[in-house]
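Trainee: next input, structure requested:
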Amino acid sequence: MDYISGLVSATELKETTLVSRLLGIVPGPLLRTKTSDDDFVTSLVLHTLGLATYLFTLSQDCKLKMWSVDRQECIMAANLLDFLHVPRPQQGIPEPGRQNHMLRKAVGRDENDLHIGIFLSFARKSAFLIMKPVSEQGYYDLKSLIAVNDNQVGAENDLVDFWISCYSIWAMWANPVGETIVRHRRFRDEASHSHGTNWTQVVPENALDRNFDPSAHPNLEAKQAYLSYIFHPGKLPLSVINRALTIFRRPTGGAMPTQYPEVSASVLKERVAVVVENEIKNEISDLEITDEEYIEISWRAWAKFYSCCVQYYWAGTRPVAFLAAPANDMIPGPLSNNPIGIVCKAQFSLFRPIDELEHLWSIGSGSSGSSDISTFNPVTRPNNVCTADMVTFFQALYRMEKHLPDEIKENFLKALFYQQDPKDFATNLVEEYDSEYFSRRSANKLLSGIMPDMIDEVVHLLTFYSLDHNAATEMDIEGEDLPRKELDNISFLFSSQLGSNVVAEALHQSSQGRFQVLRNLLFLLLCLKKHLTTIFPKVDVNSTTAERLRVRLIPHTAQLIRCYYIINWVATSSCGLAVPTMLDASIQQLNILSMRDKVEGADAVHLALRGNKAHTLLSLFLSSKSARYAQNLMAQQGTEIDLLSQWHTSMLPYMTIVGKLLWPSSYLFVFPEFLLSACQYLLVEQYVRLLKPWCDSNVHSREFLLGSVLLDMGEAEKACDHFLVAANGVSNESFLASHLARPNYEDELEPTHEHRLVLYFLKVIKLFDQLDHSDCVLRIVDQAIRDAEMDDPEMATLHSIKFNHLLRIGRHSEAFEAMHYNPDSSRRQDSLRQLINSLVHHKKLHKLVDFSYSPAMLAAAEEVLVVKARSQHLMASEFYTVVHALHVKHLNYRKAASIKYEQAFRLSREVNGLASMKLQARCLQIAINELCLVPKEYQWVLKPYSSVKNATLSSVFSDYEPPNQSPKRNYDGEKIAQVDGVKKMEIVELWQMRRDSEVLLAKIELIGPDAANSLVSLVSNLSVEQFIGHLINESHFDLALRLSTLHELPKGSIMEAIAGKCVAVTRDDESDANICWLGYNYTSDVAGGDGSVSSVAWKYLQKCLKHHEESGRTEMHKAIVIKLIKVEAFLPQWLIDSYKKKNAAELLRILLMAGRLEEAGQLSCEMYNAGMGHGSKEFGMGRGISNKNSSVWLPLNLLMWCSRELEAAVVKDKLGAPFDQLLEDLKDVQAAYVEKLKRMSEGMQVKARMPSKLKV
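Mentor: Residues are numbered from 1 along each chain as shown. Presented below is the predicted three-dimensional model:
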């Protein structure tokens, strides 16, 4: 074929002496002869040497020919029968077998090193030939390297394929029952004419059981048993299950249903369950059956489905050919050009190398087909454990394998699962088992060939079974300084899905084989111990041997059994799916534990779990980022880089390293760290449970692992118990010390054990904190406080955590105690604020009063509460009340009064409304009461005002700013600093508080309970003078008088209003509109007498005048009189009498100015008479001028004015007798008064002229 144009040409190859030709180069009938069937070509190979191409053909008559494709002629022909050492019939050609002859080639170090492999099939015996073409003087000839046959393979077996390399030959056979047999043999350059004694059989893996045994699962339903077995990772491919499901649901005689599309294992499992359950329902739909019959039908239906799966599985495992390596030069050394597996119809299988121990087991069991130790590959045998004594010993172990019944093997596994010591279990069986398996005769048979000196070989053997010897250091595991090229080669080989699955299965097979060997070894050693005197009759050997068996070998073997059981459990445990919430919780947990390098690994793990393929715990581990630790260790093995990157040479060391990471008794904690991020909670519980009774390594780390799992599963209390137990290992276990007890700061000094405990507990607290498990946090933090040193830098943090979680669950008293013991004062301040906020939220601020404060704490609490009070809404906050209660509790009444006055002051300026006014009044009354409890010299408080420039804001304190006030800014948007003037402080005394309180109470009384908002707004903004005027308008005279008295304001307007009301009541005949004002004022004490409303009104006026007119003052009298005169009402006699006594001259002037001449004249007459001593007491004049020692003052000007007014009235109006008589009476009284004054004056003059009497 032309590689440029793609055209294909056919060339006929002709022999120089024969007519036979070869047409084309395609298998089938391309090569055929024209003379006879013996010349029919059965196989051919092409080989390029330089620029020439040669074709090798093998015909039915055992002729091998070499053709030159370029010259189109045969250049060499040879009869292969000449190279066989077998008798031939007279005709010259043996009877052919059932198969055609086969031809294969192998190329060595260069293209000239060509080997031709030939399989000749005869009826009686088949043979393999390895030939090497050689060139001598331009002619080609064949050199025979080996001619062998495999006598151990029966004639009824068919050769499927064979493979040759420069050093070995591989043959793949199929027996009549469909089983595949793979055998291989090594050879050298010189010919070896052996008859197959060096053939070695490849040990196959355990095939799928054709018949599933239900009795192995007595406690499971059919559905559970079959689903768990069918969908176990590695059992059946999902494609096989899907095809089996398609066939299973096909109706009888119906068409083939459509095959389901490929889905994940979980979805396919649900489909299988639904289809089989429908099959069961269809079978029992019209029947009445018992429970036992239903169980039988269920098992039969599931067995039918399993049978479909098995049929498809075995059909897909039919071998086709060997699987070649990717390239000839990828596997150097003695393994060059060997096949790496088998290609089957629907899948492929890979070969894996085995180590010395597996090789010994295969020799002892005879599965390798050879007992020759030298057949083991020397490249992978560095320890030289394959000795003749070991072969003998392994043969004894295999005899024990054959002798042990399956029941004992199953019970042995169950005993391990239920944490029973394998030594005790095996000892009970050996000592008490009544069958022939452990009798003396059986012991002689089982232990035949065992010598006393083989005990040393057993000790040596056990060292190879233990994987924790020569463990890598922690720095080696990290591999920070390793060459990138070596790590890339290893990662390329083992990090793929295929690579990780193959390594997982290989390690499972290897560990399972080792577990069987160790189990048999344990029984063998116990049997040897039981029959020691019979096997070794020498006394000097028995005591030493028995002691070694009892003290060292048997316990060590039991320990190894447990370790390999764990590895097998890891390799066979199926992983469950992880929901996204589990993934999020796992990532949060890793971040808290400072394991951020595991977060990426957790994402990879969950991505793998969400795929279509089911995983075992081991395969998931190898496909995760945790496998890099094994790769780091692998890169440090000192292996050549060419061998390091090859499958056959690096797989065994890599398996060993992975086994070390899984080894339970190793100090390495890589695998449990992986479990922490894999979200396989049930498997983690099982893992810790299986290790707990016997494994002493990483005990506390596993406790932490179990606690983390229980925490994610919602078992917080159990998790807390495990975390507390795990704390004992923070100093001596690397995982806890590096991830949970490592300080975040670089310190030259190694942290103490106590400090590591504190750091560990802080990490654990974070785990509980993210899930809001405050009760568990409190348990942890209490333990941390008990374990911590007094000067630990995290002590304040611990007390803060305790405080926060106590606060979260509402235990405020305990939270206060935690705050009290916190050594950090700033944290105490913050905690106090949080405590106050929490008490406010829970409406339990009163609890603050019950706490026992130190002086500093009390001051801090007061400061915080005051700040809170000033920042909260006055009507919705209780902070002022709590601060006041604190002061009262500590008997600081002056501060209590101050805080209440501050509250009232702010209410008056910031909050409007009736409720605010009532609260103001209550606050002022409380402040007044408390100031009364302090000495008089301290009965005052300070009232800070805002600055002089901003006096309208009226702040309570200097740092107080009204709420919702935005800062002032300049043109550029920068905040303008408020430069205030000197602030003036004002002292508020007790009497001022009382005065303000009375005003508030009066306003509240005036507003009433059901007043409109407009009235409230109006009244609340009135000044005292304005409010008194409003009271007068609303007829609340008592309130107005009381406020006027407190504020020392004139009351004349009030009395005028009252007088006006009295006149109105009198004139309007007591209508409802005029008498309702009496109800606003206190009139009960004046309601006697005739009981009329007008009488009550005038009496109320009289009472107010009497109580409120000060001595020596007549403003109220004057106001009343003027009001009555204005409304042309009569002046009550009691009013005139009271006025005459206080200031008759003022009354006379008012009457004169009002034109009330009659009343003025009468009053003038009375005043003259009073001056003369007649009725002088009514005017407050004593006895008048009749008393020698009294002085009398009469307003003569007013009296003269009244006289002239009367004279003028008489002359002008000529009113008649009343004024004439009144004028005449006035003149008579005036004349009498003047006459009396003259007499009194003359008498006083005479007396003054008389000489005074001298004293003797």
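
Trainee: C-alpha from now on. contacts and neighbour counts both.
Mentor: OK.

Trainee: residue 148 touches residue 127, doesn't it?
Mentor: Yes. Counting by CA atoms under 8 Å, residue 148 touches residue 127, with 5.7 Å between them.

Trainee: which helix or strand contains residue 508?
Mentor: helix 497-530 (DSSP states H and E).

Trainee: tell me which residues of that helix come out buried.
Mentor: Of all the residues in helix 497-530, those buried under the rule 16 or more other CA atoms under 10 Å are 499-530.

Trainee: and stretch 773-786, by the same measure?
Mentor: Here stretch 773-786 shows 773, 774, 775, 776, 777, 778, 779, 780, 781, 782, 784, 785 as buried, counting by 16+ other CA under 10 Å.

Trainee: residue 178 - that's part of a helix, no?
Mentor: No. Counting by DSSP: H, G, I helix; E, B strand; the rest coil, residue 178 is located in no helix; its state is coil.

Trainee: can you tell me how far it is from residue 321?
Mentor: 15 Å (CA to CA, to the nearest Å).

Trainee: neighbour count for these two, which is higher?
Mentor: residue 321 (19 against 14; other CA atoms under 10 Å).

Trainee: hmm, that one is touching residue 163, no?
Mentor: No. The criterion here is CA under 8 Å, and residue 321 misses it with residue 163 at 9.2 Å.

Trainee: in the protein, what helix or strand scores lowest on average pLDDT?
Mentor: Across the helices and strands of the chain, mean confidence by mean pLDDT, DSSP states H and E is lowest for strand 21-23: a mean of 40.

Trainee: and stretch 766-778, how far apart are its ends?
Mentor: Start-to-end, stretch 766-778 (CA to CA) is 12 Å.

Trainee: correction: stretch 1076-1085
Mentor: End-to-end distance of stretch 1076-1085 (CA to CA): 17 Å.

Trainee: buried residues in it?
Mentor: Quick answer for stretch 1076-1085 (16+ other CA under 10 Å): 1077, 1078, 1080, 1083.

Trainee: could I get these as CSV with distance to residue 578?
Mentor: Formatted as CSV, the entries for the buried residues of stretch 1076-1085 read as follows, by distance: CA to CA, whole Å:
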residue, distance to residue 578
1077, 84
1078, 86
1080, 81
1083, 88
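
Trainee: among those, which are in helices?
Mentor: 1077, 1078, 1080 (DSSP state H).

Trainee: right, and the second one touches residue 1098 too?
Mentor: Which is residue 1078. No. The pair residue 1078 / residue 1098 is not scored as a contact, 10.9 Å apart, by CA under 8 Å.

Trainee: residue 667 - that's part of a strand, no?
Mentor: No. Counting by three-state DSSP, one finds residue 667 to be coil, located in no strand.

Trainee: about what we covered before: the more surrounded of residue 148 and residue 127?
Mentor: residue 148 (22 against 18).

Trainee: and the more buried one, what are its bridge partners?
Mentor: residue 128 (DSSP bridges).

Trainee: what residue is smack in the middle of this structure?
Mentor: Closest residue to the average C-alpha location of the chain: residue 770 at 4.2 Å, with CA atoms, centre = their mean.

Trainee: report the spatially nearest residue to residue 818, omitting neighbours in sequence.
Mentor: Spatially, and ignoring its direct neighbours in sequence, residue 818 is nearest to residue 803 (5.4 Å; CA to CA, 6 or more residues apart in numbering).

Trainee: list the helices and strands the helix or strand containing residue 765 packs on?
Mentor: Per DSSP H and E: residue 765 is located in helix 753-769. Packed against helix 753-769 by the contact rule (3 or more CA pairs under 8 Å, 6 or more residues apart in numbering; DSSP states H and E) you find helix 580-592, helix 774-787.

Trainee: out of those helices, flag the one nearest residue 547.
Mentor: helix 774-787 (45.6 Å; CA to CA).

Trainee: which residues sit against the following helix or strand past the closest one?
Mentor: For helix 774-787, the following helix or strand on the C-terminal side (DSSP H and E) is helix 795-808. Residues from elsewhere that reach helix 795-808, judged by CA atoms under 8 Å, 6 or more residues apart in numbering: 762, 774-775, 777-778, 781-782, 784-785, 788, 812, 814-816, 818-819, 821-824, 827, 831, 835, 838.

Trainee: before we move on, what about stretch 728-742?
Mentor: Looking at what lies outside stretch 728-742 - CA under 8 Å, 6+ apart - the contacts are 593-595, 667, 669, 698-701, 753, 756-760, 763.
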